[in-house]
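Trainee: What follows is a protein structure lacking sequence information:
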């Protein structure tokens with residue numbers, strides 16, 4: 001009987017798996033905003049609506065606006081109040097009133113909810129998708145005097161207290177430390193990154209230690225170790241161990257609360273809570289199961305977290321440390337204590353980096369070459385900063401003592417910033433421009449798994465499997481190189497208020513008739529070039545007459561022939577010839593400086609398509625689109641329809 005039951009054990013596995021899948025699907029439906037009958041997307045109007053809004057995030061000051069996430073509870077139409085549910089991003093015009101807005105404020109807002117626009121250029125960061133994972137589908141701009149503050153404290157009182165305290169502690173750091181060091185301290189200790197400059201963040205990214213300024217598992221782990229060392233009740237107490245566990249859990253969750261309950265901190269706090277409870281009850285705890293349990297709990301709360309880049313990287317890094325660290329550590333056993341500690345830190349860094357390597361390439365297209373060096377120095381320094389930072393907050397009410405601790409904290413932060421900035425400027429500090437597909441990322445994961453299994457079991461077929469999959473990876477990369485070497489593409493990009501066109505021939509790009517800077521390229525174009533294998537770009541202007549891109553592109557004034565495709569770039573009225581004979585073209589690209597009507601273009605050229613670039617103002621677009629429809633011209637509006645892309649033969 002027992003044997004029969006054992007042979008049918010797969011049935012219980014299938015039933016359990018089916019139950020979990022069904023439960024997950026059900027939870028996902030429950031957490032999907034659009035599935036709610038009173039979802040704001042079903043009740044919003046086409047014009048301005050009056051809405052009751054509660055701010056559920058700390059307002060962030062931007063250059064011209066104050067940005068906050070708001071929970072919409074009621075929409076008012078024609079004097080009737082309709083219950084609603086949903087979140088949106090609110091951009092308040094920056095003034096003395098909006099600068100005083102705070103978490104939990106209840107507002108009566110009059111504005112129109114707009115759907116968040118998807119990316120308008122190929123391979124651009126998908127901000128819409130990023131916000132959807134947080135349940136946000138709409139945004140709106142609120143001019144001055146189009147909202148009324150109804151009251152305070154509309155949100156959770158505990159969160160409100162924590163956020164206010166967090167703001168005060170950040171202010172205390174700026175008062176006592178100041179400069180970039182205060183901004184870095186706020187990010188490390190409180191998870192408050194809004195004040196960090198782009199250059200500082202980039203230096204941490206290039207050095208391979210961006211996780212230091214993102215409060216997550218590393219920070220919670222350091223605090224957990226500190227607490228386990230200092231919180232030990234004597235064994236003579238009847239419930240000494242239980243009291244230690246409860247105090248550690250309380251302080252861990254208080255820290256999570258004071259960092260704004262950010263998702264990475266929640267993940268780490270849940271994991272360490274599971275480990276603490278398991279150790280207390282002296283149960284055998286498989287660390288991988290503990291990590292899986294915390295992930296399951298997180299996904300029950302928000303199933304869309306699984307699409308979050310931070311969620312994926314965080315769990316992969318922890319899994320890498322759990323699975324790879326010990327086998328790697330055993331490869332070398334130094335006798336010197338200092339060398340051993342350096343080797344341990346090196347193993348931790350390598351383990352985490354190996355586990356996240358494929359996703360890092362997939363999402364960020366770069367790899368920090370000196371990550372081992374910076375982590376060996378920066379991680380111990382981070383521990384000192386966290387300990388001294390917490391101590392600074394505890395003694396901040398003692399003037400002279402707090403000044404001394406603040407001085408120590410400031411010097412440690414200055415040292416960290418100097419090291420990170422220095423390493424980021426090393427030659428070849430970062431390998432950039434690496435673009436892989438999701439399939440290639442999956443193949444890299446398989447290679448890592450097979451190599452891990454080979455070292456764990458010493459079975460040769462795992463090593464052979466790794467080599468076989470590696471060969472497939474290289475074959476795919478070679479295939480992509482061949483495709484890239486033959487590509488001929490014209491792209492008219494959507495960069496607000498600017499003309500931007502790129503001709504891509506093989507692995508080279510040229511941008512005539514364009515007025516873009518390096519920031520425009522980094523934000524809107526660079527990822528697409530990396531995906532297409534573009535290695536260099538030349539930005540030239542319309543006064544160039546030349547044959548370029550290996551003879552594939554010929555320019556004369558404002559006319560271009562790219563392979564067999566002839567294009568005219570109309571920048572001003574004088575670019576339209578007055579000759580009675582029409583010029584045959586494939587397309588005409590029109591910029592905002594042109595003022596004549598569309599009939600003038602039709603009389604001057606025979607063309608297949610008319611393209612309005614993103615420098616054309618809205619009032620001209622409306623006028624020209626109406627004219628195109630009237631005289632039956634085929635047109636493409638880059639502002640409204642996104643980048644125009646054509647593969648040219």
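Mentor: Perfect, thanks for sending it. Owing to the predicted nature of the structure, the values given are computational and were not obtained by experimental measurement.

Trainee: All the strands of the stretch 51-200 of the chain, residue numbers only.
Mentor: All strands of the stretch 51-200 of the chain, identified by DSSP state E, counting those that start in this stretch, fall at 60-61, 65-77, 80-93, 106-111, 114-115, 136-142, 147-151.

Trainee: Which of those strands comes out lowest on mean pLDDT?
Mentor: Of all the strands of the stretch 51-200 of the chain, the minimum mean pLDDT falls on strand 60-61 (a mean of 83).

Trainee: ok, residues contacting that one?
Mentor: Strand 60-61 is contacted from outside by 66-68, 94, 99, 194, using Cβ atoms under 8 Å, 6 or more residues apart in numbering. All C-beta atoms are positioned from the backbone trio N, CA, C, and that covers glycine.

Trainee: for stretch 198-209, same thing?
Mentor: Stretch 198-209 is contacted from outside by 180, 183-184, 193, 210, 212-213, 353, 364, 366, 368-371, 374-375, 378, 417, 420-421, 423-424, 429-430, using Cβ under 8 Å, 6+ apart.

Trainee: Filter the residues you listed down to the buried ones.
Mentor: For the contacts of stretch 198-209, a burial check counting by 16 or more other Cβ atoms under 10 Å picks out 180, 183-184, 193, 210, 212-213, 353, 364, 366, 368-371, 374-375, 378, 417, 420-421, 423-424, 429-430.

Trainee: Which of these fall in helices?
Mentor: Counting by DSSP state H, the part of the buried ones among the contacts of stretch 198-209 found in helices is 180, 183-184, 353, 364, 371, 374-375, 378, 417, 420-421, 423-424.

Trainee: Save these as TSV, and put in distance to residue 295 and pLDDT too.
Mentor: Converted to TSV, these look like this (distance: Cβ to Cβ, whole Å; pLDDT from 0 to 100):
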residue	distance to residue 295	pLDDT
180	35	81
183	32	84
184	30	84
353	21	84
364	22	84
371	25	80
374	28	82
375	25	80
378	27	82
417	34	86
420	30	85
421	35	85
423	33	84
424	32	82
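
Trainee: Looking at these, which is nearest residue 320?
Mentor: The shortest gap between residue 320 and any of those belongs to residue 353, at 7.7 Å (Cβ to Cβ).

Trainee: Which residue is the nearest non-sequential neighbour of the closest one?
Mentor: Of all residues not flanking residue 353 in the chain, residue 371 sits nearest, at 5.8 Å (Cβ to Cβ, 6 or more residues apart in numbering).

Trainee: now swap in residue 445 and tell me
Mentor: Looking at residue 445 with Cβ to Cβ, 6+ apart, the closest residue is residue 358, at 5.2 Å.

Trainee: Give me the phi and psi for the one you found.
Mentor: Per-residue torsions, residue 358: phi -60, psi -40 (degrees, to the nearest 10).

Trainee: I'd say it and residue 449 touch.
Mentor: No: in this structure, residue 358 is not within contact of residue 449 by Cβ atoms under 8 Å, at 10.8 Å.

Trainee: Compare these two and say which is more crowded by neighbours.
Mentor: Between residue 358 and residue 449, counting by other Cβ atoms under 10 Å, residue 358 is the more crowded of the two (21 against 15).

Trainee: how close does that one sit to residue 446?
Mentor: Separation of residue 358 from residue 446 (Cβ to Cβ, to the nearest Å): 9 Å.

Trainee: pLDDT weak spots in the chain?
Mentor: 1-10, 45-46, 153-156, 215, 232-240, 260, 263, 279-285, 539-546 (pLDDT under 70).

Trainee: Go ahead and flag the most central residue of it.
Mentor: In the chain, the centroid-proximal residue (Cα atoms, centre = their mean) is residue 309; its distance is 6.7 Å.

Trainee: Go ahead and confirm it touches residue 356.
Mentor: No: look at residue 309 against residue 356 with Cβ under 8 Å: they stay out of range, at 10.3 Å.

Trainee: which residues are contacting the helix or strand harbouring residue 317?
Mentor: Using DSSP states H and E, residue 317 falls within helix 309-329. Contacts to helix 309-329, defined as Cβ under 8 Å, 6+ apart, come from residues 211, 214, 216-217, 263-264, 267-268, 271, 287-288, 291, 295, 298, 305-306, 343-344, 347-348, 350-356, 359-360, 363, 452, 455-456.

Trainee: same thing but at 6 Å, please
Mentor: Residues outside helix 309-329 that contact it (Cβ atoms under 6 Å, 6 or more residues apart in numbering): 264, 267, 287, 291, 295, 305, 347-348, 351-352, 354-356, 359, 363, 455.

Trainee: Out of the residues you listed, which end up buried?
Mentor: 264, 267, 287, 291, 295, 305, 347-348, 351-352, 354-356, 359.

Trainee: I'd like to know how many residues surround residue 211.
Mentor: Other residues close to residue 211 by other Cβ under 10 Å number 22.

Trainee: And residue 432, by the same measure?
Mentor: Residue 432 has 12 neighbouring residues, counting by other Cβ under 10 Å.

Trainee: Same check on residue 302?
Mentor: 18.

Trainee: Please identify the buried residues of the host helix or strand of residue 250?
Mentor: Taking DSSP H and E as the definition, residue 250 sits inside helix 240-258. Buried residues in helix 240-258, counted by 16+ other Cβ under 10 Å: 244-245, 248-249, 252-253, 255-258.

Trainee: Need these in TSV (columns: distance to residue 536).
Mentor: Conversion of the buried residues of helix 240-258 to TSV gives the following (distance: Cβ to Cβ, whole Å):
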residue	distance to residue 536
244	61
245	59
248	55
249	55
252	51
253	52
255	48
256	47
257	50
258	48
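
Trainee: roughly how far apart are residue 319 and residue 128?
Mentor: Computed as Cβ to Cβ, the residue 319 to residue 128 distance reads 30 Å.

Trainee: Just want to know which of these two has more residues nearby.
Mentor: Higher neighbour count among residue 319 and residue 128: residue 319, with 19 against 15, using other Cβ under 10 Å.

Trainee: Now for the buried ones among the contacts of helix 309-329: which two are most distant?
Mentor: 305 and 347 (28.7 Å).

Trainee: about what we covered before: residue 58: which of the buried residues of helix 240-258 is nearest?
Mentor: For those, the residue nearest residue 58 by Cβ to Cβ is residue 258; the value is 12.6 Å.

Trainee: got a list of what that closest one touches?
Mentor: Taking Cβ under 6 Å, 6+ apart, we find residue 258 in contact with 162, 166.

Trainee: What of residue 249?
Mentor: residue 273.

Trainee: Kindly report the same for residue 262.
Mentor: Counting by Cβ under 6 Å, 6+ apart, the residues that residue 262 touches are residue 191.

Trainee: From residue 399, how far off is residue 389?
Mentor: According to Cβ to Cβ, residue 389 and residue 399 sit 18 Å apart.

Trainee: Residue 522 versus residue 103, what's the distance?
Mentor: Per Cβ to Cβ, residue 103 is found 32 Å from residue 522.

Trainee: Have a look at the two and say which one is more surrounded.
Mentor: Set residue 103 next to residue 522 and count neighbours by other Cβ under 10 Å: residue 103 wins out with 26 against 10.

Trainee: As a check, name the ranges of all strands in the stretch 351-500 of the chain.
Mentor: Ranges of strands within the stretch 351-500 of the chain are 366-368, 430-432, 488-492, based on DSSP E, counting those that start in this stretch.

Trainee: CSV please, covering those strands and showing distance to residue 612.
Mentor: Below are those laid out as CSV (distance: least, Cβ to Cβ, whole Å):
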stretch, distance to residue 612
strand 366-368, 35
strand 430-432, 33
strand 488-492, 9
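
Trainee: Out of the ones you listed, which gets nearest to residue 78?
Mentor: When those are compared for distance to residue 78 using Cβ to Cβ, the nearest one is strand 488-492, at 43.8 Å.

Trainee: which outside residues touch that closest one?
Mentor: Residues from elsewhere that reach strand 488-492 (Cβ under 6 Å, 6+ apart): 501-505, 562-563, 611, 613, 638, 643-648.

Trainee: run the last query once more with 8 Å
Mentor: 122, 500-505, 528, 532, 552, 562-563, 565, 567, 589, 611, 613, 638, 643-649.

Trainee: And for stretch 338-347?
Mentor: Stretch 338-347 is touched from outside by 325, 328-329, 332-334, 372, 375-376, 379-380, with contacts defined as Cβ under 8 Å, 6+ apart.
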